[in-house]
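>>> I would like to see how this sequence folds:
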Amino acid sequence: MSTSIRQFWKYARLQDSSTIGSVIGGRWPCCCGSLAAAALILAGAGVYATLAFAVGQRLREMAIRSALGASTSRLASTVVIDGLKPGLVGKFIGLGLGMLVGRFLVGLLYGVPTIDVRSLPVATALMLLVMRLACVGPTRRALHENPTRLLREEGLG
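Numbering: from 1, shown residues only. Okay, here's the model as predicted:
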């Protein structure tokens, strides 16, 4: 098989050589931005789905707390904190791993710093904003449920 590959490469000619930058041209920032936007949308959808499921599982608990006199702000903060905790832990683990991997890739990167002090805080703030926005829907659901109806459906009222 190696002889057939050598035969092929002996007659193969490089017709046109170009870099990825010349092929994509000025669209490179647009391509990267589109991928980043897609990643943010997927992350937000994941946080929303996970938190919506968790709130659905805890509606009875929220109804009991509300019936016992918990304020809406306390219920809302419980839902939001429960939504942000895993995201914050994941964000800090991701930052740490990114910095660690960046140090190992320093030999492969040319003209790119391993830790970009401008983009990391922006990315962190943007991800926190997306996580916070993903908490809005489940929080509203938890606050607008009627505790009396929920407790009656569960057979507790």
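
>>> Spell out the residue ranges of the helices in this structure.
2-11, 20-24, 28-57, 59-67, 72-104, 119-134, 136-144, 147-153 (DSSP state H).

>>> Pull out the buried residues from the longest one.
So that's helix 72-104. Neighbour-count burial for helix 72-104 flags 75-76, 78-80, 82-84, 87, 91 (criterion: 16 or more other CB atoms under 10 Å). Where C-beta positions appear, they are placed from N, C-alpha and C, glycine not excepted.

>>> now swap in stretch 54-71 and tell me
Result for stretch 54-71 [16+ other CB under 10 Å]: buried residues 55, 58-59, 62-63, 65-66.

>>> okay if I get those residues as TSV plus pLDDT and distance to L42?
What follows is the buried residues of stretch 54-71, written out as TSV (pLDDT from 0 to 100; distance: CB to CB, whole Å):
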residue	pLDDT	distance to L42
V55	85	20
R58	85	25
L59	84	26
M62	85	28
A63	83	32
R65	86	32
S66	84	33
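
>>> could these go into a markdown table alongside distance to H144?
Below are the buried residues of stretch 54-71 laid out as a markdown table (distance: CB to CB, whole Å):
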| residue | distance to H144 |
| --- | --- |
| V55 | 11 |
| R58 | 15 |
| L59 | 11 |
| M62 | 11 |
| A63 | 12 |
| R65 | 15 |
| S66 | 11 |
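
>>> Let me see the contact set for V55.
By CB atoms under 8 Å, 6 or more residues apart in numbering, V55 lies in contact with 62, 79, 138-139, 141-142.

>>> still on that earlier bit, is it possible to get JSON lines of the helices of the chain that adds distance to V112?
Listed next are the helices of the chain as JSON lines, based on distance: least, CB to CB, whole Å:
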{"stretch": "helix 2-11", "distance to V112": "33"}
{"stretch": "helix 20-24", "distance to V112": "14"}
{"stretch": "helix 28-57", "distance to V112": "13"}
{"stretch": "helix 59-67", "distance to V112": "48"}
{"stretch": "helix 72-104", "distance to V112": "9"}
{"stretch": "helix 119-134", "distance to V112": "11"}
{"stretch": "helix 136-144", "distance to V112": "36"}
{"stretch": "helix 147-153", "distance to V112": "54"}
